[in-house]
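*Asks:* Below is the sequence, then the predicted model.
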Amino acid sequence: MDGYLSGAHRSAHHGYSAEFSQHRPYSPGDDLRNVDWKAFGRTDRLFVKQFIDETNLTCTFLLDCSASMEFQGAASPLSKFDYAGCVVVTLSWLLRQQGDAVGLGLFANALTTTLSPQAHDEQIGHMINAIETVSFEPDTSFGAVMHQWSNQARGRSLVVIVSDLFDDLDVVTSSVLNLQHQGHELVVLQICDRDELDFPFERMTRFRDAESGAALTLDAQAIRKRYRDEFQRFTDSIRAQCQRHCIDFVQVVTDQDLGDVLSQFLVFRHRQMMLGV
Amino acid sequence: MSWAFASPWMLGWAVAGLIPVVLFLLRRRQVEPVTWAAMQFLRVAVAARSRLVNWRDLILLVVRVSIPLLVAICVATPLWRSTVSSLNRVDVTRRHWVLVFDVSASMGYSQHGESVLDLARDRGLEMIDQIASGDRVTILSSGFSQPVTHVRESTNRQEERRVIGALAVTSGIFAIPPMLSMIQTVLDSAEANGVKHHVVFLSDVSGPAWDWVREQTAIERFQRLAEQAVVTVETCGVDMRPNIAVTRLSATPERLTIGQTIRLNVEVAGFELGSPRSTRLVLLDGNRSVAESMIAVPANATTNASFHFQPDRIGDHSLQISVESDALPIDDTRWLTVTVEDAIEMLCVEGLDGAADSLRAATATTAGSPFPNIVTQVVSQSNFNPDIQLMETDVVGLMDPQRCSELQSNGLHRFLLRGGRVLISVGPNTDVGWLNSFMSLIGGEGENDRVQFAAEPQQRDVSFDPLQYAHPAIRAFKNYPQAGLLDVPIWKFLPVRVPAASQQPVMNFTSGDPALFTLPCGNGRVIVSCTPWGTAPVLSGTAERWNAIDAWWSFVPLVNEVIVWGFGDSNPRRNLQVGDELVCDFRESNLRQQYVIHHPDGTTQLTAADTDGASTAQVIVGETQMPGRYRVQPSGSEVDIKTFSVNVSAGESDVRRRSVDSIRNFLSELDWRPSGDAAAGTPASRRMLLWGLSALLLMLVIEAVLSSWFAWQLRVSPA
C-alpha cells in the first residue's frame, strides 16, 4: 500500500523490506538482485523473490449523513450519526498518531463534503468541523456516491465506510465490491440502533420514514418477527458478501461502549493481518 | 322465525357486543408516532403479513363481539319461535289451524303492564300473520267450564284478528277435558281430505287444570289428538311469577243468630316469592272496614290469620278480606256471605207424643245464655206437612220417627236438597224399614253405598267415644271432661252400617258402633243419633229406657252445639265459585215480582222469579262470570234481600308453571315464549341457556385457539 511511512502497514506493492512475500517466474527486465539463486540451483529455473513493503497508510472515511443516520432510539445515548462521528474521529486520531494520512467524505445522495487525506495534525480538526456542521440529506444513493468518490480518489487507500447501509442490497454490495476492484482496501462499519435490531414496539404505531416522510401505521407486535427476519437477512447478506471478498464487516450498535467497540475492531483487524487475509 | 328477548333492558347486553368494535377502533386511533429509519424492512414485513393481520383482526373481532352477544342471549333467554314457519314447510295442500286460548283467571297475571293473555294474543296475531292465505283457522277459548268457539274454519284473517284482539281474561279456570272434547268435535267435523290439522294451545300452563295432563286419561286423550293433528303447546308468560293470594276464607259459623260472634279464618298463600313478604289484611263488612292486620306470608307456603267479628244486624253480611294488590289482582280479595238470623227456626216432628220434650227443653233459650236463639215448634208426625211447615224452618228434628208418608219423605228430601238440616233421633218406635228407605234417597245407588240400620237394637252398656273431639260439633267439649259427655250411660242403641265414603262420624259408642253421624244430602245435611234424645217412650210405658242422655248435664250443651253446627256449618247457596249457577230462593213468593241483580262490576240485571211449585220462588241468574258480591233487590226497592259471594278458584292463584312432560311425546313442538324481564326457569329457556353457554364456551375456545394460531403464524414474541 502506498504511504508516507513504512513499517506499520502492509503495502499492496512489493518492496524491499525483509518480509518475504512470494516467488514469481523471472521476466526480462527484472532486477537481477531479486533473483533467488538458491531456487535456481534447486530447480534450474529463474525465480524472482518478492517482498512485502511496509509503508505509511492513507485512509479515507466515507461517513453517511443521510436522514436515516439521524435516528436515535429510546434507549440509545446518541444518534447513529453522532455515534458514527465519534468512531470516525477516534480512528482518525489513532491513525494520525502513527503518522498515517486520513481523509473524510460525507455523503447522502451525493458526496457533500470531501477532505482529501492529509498527514498533518490539523486534519483531525477539519474533520470534526465537517462532521459538526453537517446537514442531513433526505435521501441516500449509495451506488452513485461510491462511484463519485472512486473517480476523484488519487491512488489506492484504506476506505472505511461508516453507514447504516439502508439502501438496496444489491446496490450496496456492488458498490463496495467495485471499490475493492479498484484496489482499495475496504472496511464496512454498519451503524445500527438497538431499536432497529429489536423492534420493541407493542401497540399500533405510526412509522414515519426519516428520509421520505412517508408514514406507515401498523400493529407492531404482529410484524415484529418478520421485521427482525428481514433485517437479519439483509445484514447476513452483506456480511456474507464481505467475507467472500475479504472485506472487513463490523456491525456496531449505538448503545455499545465506544472503547469496547474500537478495541474489538482493532483486535479484529490485527488478527486479520496475522492470518494474512 | 323470530327472536324475542325477555326484556328490552336485556338488549343492553347486546350493546356490549359493540364494545370490542369500539375498542378496536379506539385502538386503531391511539397510535404511537415514531420517526423510523429502517423503513425498507418494515415495508417488506408488512407486505408479507398485512393480509394475515387483517384476517386475524377481523376474525378475532367477530369472535369477541359474539362473546358478549352470547352472554346477552344466555341472560335474556330469547326464544327461537318457529311453530308456524317450521310447520309451513310441511308439504301439504291445506292446513287447518285450531288456536286454543287459555283465558282463565291466571292469564290476567301482569308484569310491566302486559298480561299473559296480552302475550298470548300477540302470539296468536303473529301466527295469523304467518298462516298461509288459504288455510282455515278455528279459534277456541276456555275460561269457564265450557269452552267457547269464536270462529270455526274461517279464512277471513281480518275476522280472526278481530276475535283474537277481543279476547279477555275471565275469572274461571281452563278446563282441559271439555276443551279436548271440543277440539275433537271441531276436527271430526272439519274437512279431512288433504288437510293437515294443527292444534296450538296458548296458555300459561299453570293451575291445577294442567296437573291433569299427568294422568293416564289425559295422556291417552292427547295421544288420540296427536294422531289427528300436530299439537303444540305455546307457553306464554314468564315462568317465575310471584303471587300472594287469599286462597281460603271461611267462617264459623256461616249462619248464626244475632248476638253470636263469627270466627273468620283466612288462608293466605305465597307462590314463588323467593323470600317471605309482609302484606296488610283488611276485613270489610260490605263497604265498612272492620279490622286489619299485618301478616308475614312465607315463601311457597301458606299462612293463616283469624278475625272475630260480631254482626250488628240481621240479614246477609258480605264480608270481604283483601291483601295488598299485586300482579294478579283477581285473587287478592275473597268474599264470604254470612247470614244472620234473629233465631234458628226448628220444627220437631214427634213420632210419639212427648218424644221432643227433652229437645224442646234443651233448646229453650234463657236470658244470658251463651247459646243461639232457637225457636222450637213441635208437631206430631201425623200433622207434619213438609211443603207448608218447612217454608220457615231451618232445622227439622225427627224424634223417634215412625213410618212417614211418601209425601213427607219427598218433602224432607227436597228440604235437604235446598240446604235444610234434618236431625233424626232413632228410638223404640222408629220404623227401621222406612228409615232405611229414606236413607237410600240420600245414599248412593249401590247396596254398599247406603246407610243400613239393623232391624233390632243392641242392648249393651256403653258410653260415648268422642273420637278425639275431631268433629266441630262436639269440639267444645274438648278439655272439659267434667262436662259429662264421656259419662253418659247408654244401655241400648240401634246399630247401623254407614258407608265409609260418606260417613262423617261425630261420636261413636265405646263399642265402636256409630253413635252420632252426619250425611250430606244436596246442599243440606242429615244428623243421625242412634240412640234416642228423649224419654217419651219410657214415660209412656211403651218401652224400656235406652239411655240417660237427657238426664245428664251434658245434654243441653250437646244439643245446642250440634244444632248450631248443623245450622251454621256452611252457607253453600250463598258462597259460590265463579262459573257456579246463582239461584236465589224465596219463601214468600210473589209470582209477579221482578228482581234486580246487581253484579260486582256495577251492571244490573232485571229478572222475574220462577216457581218450583206453590211454595217457593227462584231467581236463576245463571253462571256467575266474575268474583265479588252479587246483590238481589226487589224491583223498585233499595234493600238487599239476598247477598251472594262469588270467588275465583283458589287453583288459579297457583301460577307456578306445570310440567307437561307426560304429554311431551305427543307434542310436535313445545314452544316457550318468555316475556317481561325474567324468563329464566322455563324448560325452553333453560335449553336456550345451555345452548348459549355451550356456544359461549365454544367461542372462548375458538378465541384461545385462534389467538394462539395467529400468534404462532405471526411469531409474536416478547419485545
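*Replies:* That came through fine. Fair warning: this is a prediction, and the values are worked out from it, not measured in the lab.
*Asks:* What is the burial count for residue B:370?
*Replies:* Counted with other Cβ atoms under 10 Å in any protein chain shown, the neighbours of residue B:370 add up to 10. C-beta: built from backbone N, CA, C; applies to glycine.
*Asks:* pretty sure it is in a helix, no?
*Replies:* No. Looking at residue B:370 with DSSP: H, G, I helix; E, B strand; the rest coil, it is coil, so not inside a helix.
*Asks:* now it: how far from chain A?
*Replies:* Residue B:370 sits at a distance of 94 Å from chain A (criterion: Cβ to the nearest Cβ, to the nearest Å).
*Asks:* Quick check: pLDDT value at that residue.
*Replies:* We have a pLDDT of 70 for residue B:370.
*Asks:* ditto for the one 4 residues further on
*Replies:* pLDDT recorded at residue B:374 is 87.
*Asks:* ok, it to chain A distance?
*Replies:* In terms of Cβ to the nearest Cβ, residue B:374 sits 99 Å off from chain A.
*Asks:* That residue is in contact with residue B:341, isn't it?
*Replies:* No. Taking contacts as Cβ atoms under 8 Å, residue B:374 lies outside contact range of residue B:341: 10.4 Å.
*Asks:* who has more neighbours, these two?
*Replies:* Taking neighbours as other Cβ under 10 Å, residue B:374 and residue B:341 compare with residue B:374 leading, 24 against 19.
*Asks:* Show me what the more buried one bridges to in the sheet.
*Replies:* On DSSP bridges, the residues paired with residue B:374 through beta bridges are residue B:344.
*Asks:* Quick check on the nearest residue to residue A:77 once chain neighbours are set aside: phi, psi?
*Replies:* Using Cβ to Cβ, 6 or more residues apart in numbering or on different chains and skipping residues adjacent in sequence, the residue nearest residue A:77 is residue A:255, 7.0 Å away. Per-residue torsions, residue A:255: phi -90, psi 0 (degrees, to the nearest 10).
*Asks:* Number of residues surrounding residue A:255?
*Replies:* Residue A:255 has 15 neighbouring residues, counting by other Cβ under 10 Å.
*Asks:* Helix or strand: which one has the closest residue to chain B within the stretch 101-250 of chain A?
*Replies:* Closest residue of the stretch 101-250 of chain A to chain B, Cβ to the nearest Cβ: residue A:225 (3.3 Å). Using DSSP states H and E, residue A:225 maps to helix A:220-244.
*Asks:* packing partners for that helix?
*Replies:* helix A:169-181, strand A:185-192, helix A:194-198, strand A:248-253, helix B:39-76, helix B:683-714 (3 or more Cβ pairs under 8 Å, 6 or more residues apart in numbering or on different chains; DSSP states H and E).
*Asks:* for those, which one sits closest to residue B:189?
*Replies:* helix B:683-714 (33.2 Å; Cβ to Cβ).
*Asks:* Could you export stretch B:119-127 as PDB, CA atoms only?
*Replies:* Output of stretch B:119-127 as PDB, limited to C-alpha atoms (Å, rounded to 0.1, in the frame of the first residue of the first chain):
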ATOM      1  CA  LEU B 119     -98.600 -12.100  25.200                       C
ATOM      2  CA  ALA B 120    -100.800 -15.000  24.100                       C
ATOM      3  CA  ARG B 121    -102.900 -12.600  22.000                       C
ATOM      4  CA  ASP B 122     -99.800 -11.100  20.400                       C
ATOM      5  CA  ARG B 123     -98.500 -14.600  19.600                       C
ATOM      6  CA  GLY B 124    -101.800 -15.500  18.100                       C
ATOM      7  CA  LEU B 125    -101.900 -12.500  15.900                       C
ATOM      8  CA  GLU B 126     -98.300 -13.200  14.900                       C
ATOM      9  CA  MET B 127     -99.400 -16.700  13.900                       C
END
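*Asks:* what's the average pLDDT for it?
*Replies:* Rounded mean pLDDT across stretch B:119-127 is 90.
*Asks:* ok so, going back, roughly how far out does the helix holding residue A:225 sit from the chain middle?
*Replies:* Relative to its chain's centre, helix A:220-244 lies at 20 Å (Cα atoms, centre = their mean, to the nearest Å).
*Asks:* Can you point out the buried residues in it?
*Replies:* Judged by neighbour count (16 or more other Cβ atoms under 10 Å in any protein chain shown), helix A:220-244 contains these buried residues: A:220-228, A:230-231, A:234-235, A:238-239, A:241-242.
*Asks:* ok so, going back, list the contacts for the residue nearest to residue A:77?
*Replies:* Contacts for residue A:255 were tallied using Cβ atoms under 8 Å, 6 or more residues apart in numbering or on different chains; they are A:73, A:75, A:76, A:77, A:193, A:194.
*Asks:* ok, now residue B:627?
*Replies:* Residue B:627 makes contact with B:171, B:330, B:333, B:334, B:335, B:578, B:600, B:646, B:647, B:648, according to Cβ under 8 Å, 6+ apart.
*Asks:* now residue B:316
*Replies:* B:337, B:338, B:339, B:340, B:574, B:640, B:642, B:643.
*Asks:* Spatially nearest residue to the fourth one, not counting backbone neighbours?
*Replies:* Read it as residue B:340. Leaving aside its sequence neighbours, residue B:340 sits nearest to residue B:311 (Cβ to Cβ, 6+ apart; 4.6 Å).
*Asks:* Confirm residue B:424 sits in a strand?
*Replies:* Yes. With three-state DSSP as the criterion, residue B:424 is located in a strand.
*Asks:* wait, it sits on residue B:432?
*Replies:* No. If you go by Cβ under 8 Å, residue B:424 and residue B:432 don't touch, sitting 11.8 Å apart.
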